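*Asks:* Okay, here's the prediction I keep looking at, along with the sequence it came from:
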Amino acid sequence: MGDLTDKELKNLKPRAKLYKVTDRDGMYAAVTPTGVISFRYQYRVNGRQEVLTIGRYRAEAARKLTRAPDALEYGMEVSLAEARTLLARARRQVERGESPSKAKVEKRIASAEAFTFGGWAEAYFKHKADPKSGAEKLADSTLAMRRSVYDRAIAGELSKLKLGEVTPQRLKRLCDEVKEKRGPAVAVHVREVVLLVFRHAQGSGLDVSNPAESIRTSAIATFEPRERALSPSEVRAVLAALDHVTAAPTLRSAVKFVLLTGVRKSEFIDATWKEIDFAAARWTIPAERMKAGKAHVVPLSDQALDILTAFRTMFGASRYLHPGRYDGDTPISNATLNRVIDTVVERICEDDPDFQSFGVHDLRRTFSTGLNRAKFDDRWIEMSLAHAPRNRIAAVYNVNRYLAERKIMLQCWADMLDAWVKGESAKDLIADAKQRAAEVHDDELDDDL
């Protein structure tokens with residue numbers, strides 16, 4: 001069959017496999033199983049056989065005036081007449097020993113080179129958000145953080161520049177300015193976003209040097225492990241985010257349980273059910289599991305007991321409060337709670353990119369700082385943290401020391417957390433708890449004597 005007509009093209013139906021219908025001069029219509037019809041030109045140049053996709057057939061174009069030849073480009077949606085015009089152009093290129101297919105690619109790359117940094121940044125964000133990108137797709141929280149850094153700290157300075165104009169010197173100067181204005185963490189992310197945008201351009205076939213590769217992260221900022229105590233507003237953000245991360249509900253509760261009790265991570269991970277006394281609302285950690293080598297009693301608030309009740313329901317067959325995911329005879333791994341916290345921080349950073357990360361031990365520090373800010377008795381707090389007495393006279397350690405007062409204090413702490421989540425003040429809760437602790441009767445001091 002030769003010299004196709006529009007009527008014939010419109011009547012072409014898809015089949016199980018792609019098939020070809022010949023037109024003229026090496027051009028044919030390729031019909032895909034999805035019904036897409038495209039014009040292709042098969043030719044030989046410099047001893048190689050190549051195929052050029054001239055364009056996609058658009059039936060509606062046949063009823064309109066044919067566009068001028070200089071308005072046509074390979075790869076456009078075209079009518080049959082326009083496809084033949086482009087075919088004639090391609091045949092002339094072949095006659096000159098040129099590859100129209102290669103010229104098409106080079107033109108696309110040249111067009112890409114005309115992109116500004118801002119254009120490439122948008123292309124990067126679009127690619128990383130597209131589910132079709134497969135493993136290249138970023139988590140929504142990570143993408144949102146990078147987009148926020150770009151919008152707030154990069155776009156105003158670099159978006160209108162050509163890629164070649166974004167030099168290492170210019171980027172370093174921007175990082176220094178951002179560090180001064182917004183802090184070192186944001187400055188480091190500025191370098192990372194620029195690095196990734198250039199890598200995306202390079203991966204798209206662009207031959208361009210990456211200015212961020214000439215700048216070491218350490219030249220912008222170095223980070224030492226930071227001791228951190230969360231403020232009430234940060235506690236509120238963390239507990240709110242915990243309800244929305246993808247971690248298992250029991251793991252989310254485990255993070256809150258550590259914050260409620262102020263224990264060390266290892267003290268929770270290796271905790272067993274025989275240490276829990278639901279009737280007395282106490283958790284007694286044996287001496288062999290304590291850093292100071294002395295048994296430690298943790299009074300359990302109502303909120304802590306609720307979490308333990310949920311754990312018992314889920315993990316009653318295990319000896320551990322929270323066993324590992326795949327083996328009920330082993331506790332959760334040492335890194336599990338940190339991974340949950342990392343997910344929480346990512347979630348918070350979607351709205352607050354400057355939120356600083358923290359670790360499990362910072363929950364214990366938050367417990368201590370929160371109670372000290374509330375001006376509870378230092379002795380009660382130190383006993384709750386299982387800190388050894390500083391003077392030798394007090395070195396005879398009683399695991400039940402200040403137990404009645406500590407029970408009131410820890411219940412108050414749990415209620416304080418609930419109040420902060422609601423955006424309410426905890427002042428009245430603290431005042432009431434202090435008054436009740438001061439009125440502890442002698443019969444409640446038996447364990448202290």
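*Replies:* All right, it came through fine. In this text the structure is predicted, and so the values were computed from the model without any measurement.
*Asks:* And for Ala90, the neighbour number?
*Replies:* As a burial measure, the neighbour count of Ala90 was computed by other Cβ atoms under 10 Å and equals 23. (Glycine included, C-beta is placed from N, CA and C.)
*Asks:* go on, Val421?
*Replies:* Residues lying near Val421 (other Cβ under 10 Å) number 17.
*Asks:* which residues sit in contact with it?
*Replies:* By Cβ atoms under 8 Å, 6 or more residues apart in numbering, the contact set of Val421 is 235-236, 239-240.
*Asks:* Of the residues you listed, which is the nearest to Lys17?
*Replies:* Within the contacts of Val421, distances to Lys17 taken as Cβ to Cβ reach their minimum at Ala240, with 54.3 Å.
*Asks:* Could you check how far Arg204 is from Asp176?
*Replies:* One thing to correct before we go on: residue 204 is Ser, not Arg. 30 Å (Cβ to Cβ, to the nearest Å).
*Asks:* To clarify, my last question referred to Arg146.
*Replies:* Taking Cβ to Cβ as the measure, Arg146 falls 20 Å from Asp176.
*Asks:* Please identify which of those two sits among more neighbours.
*Replies:* More neighbours surround Arg146 than the other of Arg146 and Asp176, with 22 against 13 (other Cβ under 10 Å).
*Asks:* Pass me the low-pLDDT residue ranges in this protein, would you?
*Replies:* Counting by pLDDT under 70, the chain contains low-confidence ranges at 1-2, 61-66, 106-114, 222-226, 388-401, 441-449.
*Asks:* which residues of it fall in strands?
*Replies:* Using DSSP state E, the strands of the chain run over residues 19-22, 27-31, 37-45, 48-57, 76-78, 276-277, 282-285, 296-299.
*Asks:* per-domain residue ranges of the protein.
*Replies:* Domain assignment for the chain by the TED database gives 6-110, 115-219, 232-439.
*Asks:* mind listing what the one residue sitting closest to the centre of the chain touches?
*Replies:* Nearest to the mean C-alpha position of the chain, by Cα atoms, centre = their mean, lies Thr142 at 3.4 Å. Contacts for Thr142 were tallied using Cβ under 8 Å, 6+ apart; they are Glu346.
*Asks:* Relative to Met27, how far out is the closest residue to Ile37 other than its chain neighbours?
*Replies:* Among residues not flanking Ile37 along the chain, Tyr57 sits closest, at 4.1 Å (Cβ to Cβ, 6 or more residues apart in numbering). Using Cβ to Cβ, Tyr57 is found at 12 Å from Met27.
*Asks:* which residues are common contacts for the two?
*Replies:* With Cβ under 8 Å, 6+ apart applied, the overlap between the contact sets of Tyr57 and Met27 consists of 39, 83.
*Asks:* Tell me, how many residues neighbour Ile285?
*Replies:* Ile285 sits with 23 neighbouring residues when counted by other Cβ under 10 Å.
*Asks:* Actually, Asp432.
*Replies:* Using other Cβ under 10 Å, the number of residues around Asp432 comes to 13.
*Asks:* OK, contacts around it?
*Replies:* Listed by Cβ under 8 Å, 6+ apart, the contact set of Asp432 reads Cys412.
*Asks:* what does Leu417 give?
*Replies:* For Leu417, the contact set (Cβ under 8 Å, 6+ apart) comprises 235, 239, 256, 259-260, 303.
*Asks:* Equivalent analysis for Pro69, please.
*Replies:* For Pro69, the set of contacting residues under the criterion of Cβ under 8 Å, 6+ apart consists of 85, 89.
*Asks:* With Glu275 as the reference, measure out to it.
*Replies:* 85 Å.
*Asks:* ditto for Cys175
*Replies:* When Cβ to Cβ is applied, the distance between Cys175 and Glu275 equals 51 Å.
*Asks:* Comparing those two, which residue is more hemmed in?
*Replies:* The neighbour comparison of Cys175 against Glu275 (other Cβ under 10 Å) goes to Cys175, with 25 against 18.
*Asks:* The more buried one touches Val193, doesn't it?
*Replies:* No. Between Cys175 and Val193 no contact is recorded; they are 10.9 Å apart, counting by Cβ atoms under 8 Å.
*Asks:* Contacts only, for Lys126.
*Replies:* Contact criterion Cβ under 8 Å, 6+ apart gives no residues in contact with Lys126.
*Asks:* Now do it against Pro323, distance only.
*Replies:* Computed as Cβ to Cβ, the Lys126 to Pro323 distance reads 43 Å.
*Asks:* now swap in Trp380 and tell me
*Replies:* As for Trp380, its distance to Pro323 is 32 Å (criterion: Cβ to Cβ).
*Asks:* so which of the contacts of Leu417 would you say is closest to Asn11?
*Replies:* Of all these, Asn11 sits closest to Leu239, with 65.0 Å by Cβ to Cβ.
*Asks:* Return the residues in contact with the residue nearest to Ile37.
*Replies:* Applying Cβ under 8 Å, 6+ apart, the residues near Tyr57 are 9, 29, 37-39, 77-80, 83.
*Asks:* Any chance of these in JSON lines with neighbour count and distance to Gly97 as columns?
*Replies:* What follows is the contacts of Tyr57, written out as JSON lines (neighbours: other Cβ atoms under 10 Å; distance: Cβ to Cβ, whole Å):
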{"residue": "Leu9", "neighbour count": "20", "distance to Gly97": "32"}
{"residue": "Ala29", "neighbour count": "21", "distance to Gly97": "27"}
{"residue": "Ile37", "neighbour count": "17", "distance to Gly97": "30"}
{"residue": "Ser38", "neighbour count": "19", "distance to Gly97": "26"}
{"residue": "Phe39", "neighbour count": "26", "distance to Gly97": "23"}
{"residue": "Glu77", "neighbour count": "12", "distance to Gly97": "29"}
{"residue": "Val78", "neighbour count": "25", "distance to Gly97": "25"}
{"residue": "Ser79", "neighbour count": "23", "distance to Gly97": "29"}
{"residue": "Leu80", "neighbour count": "22", "distance to Gly97": "28"}
{"residue": "Ala83", "neighbour count": "27", "distance to Gly97": "23"}
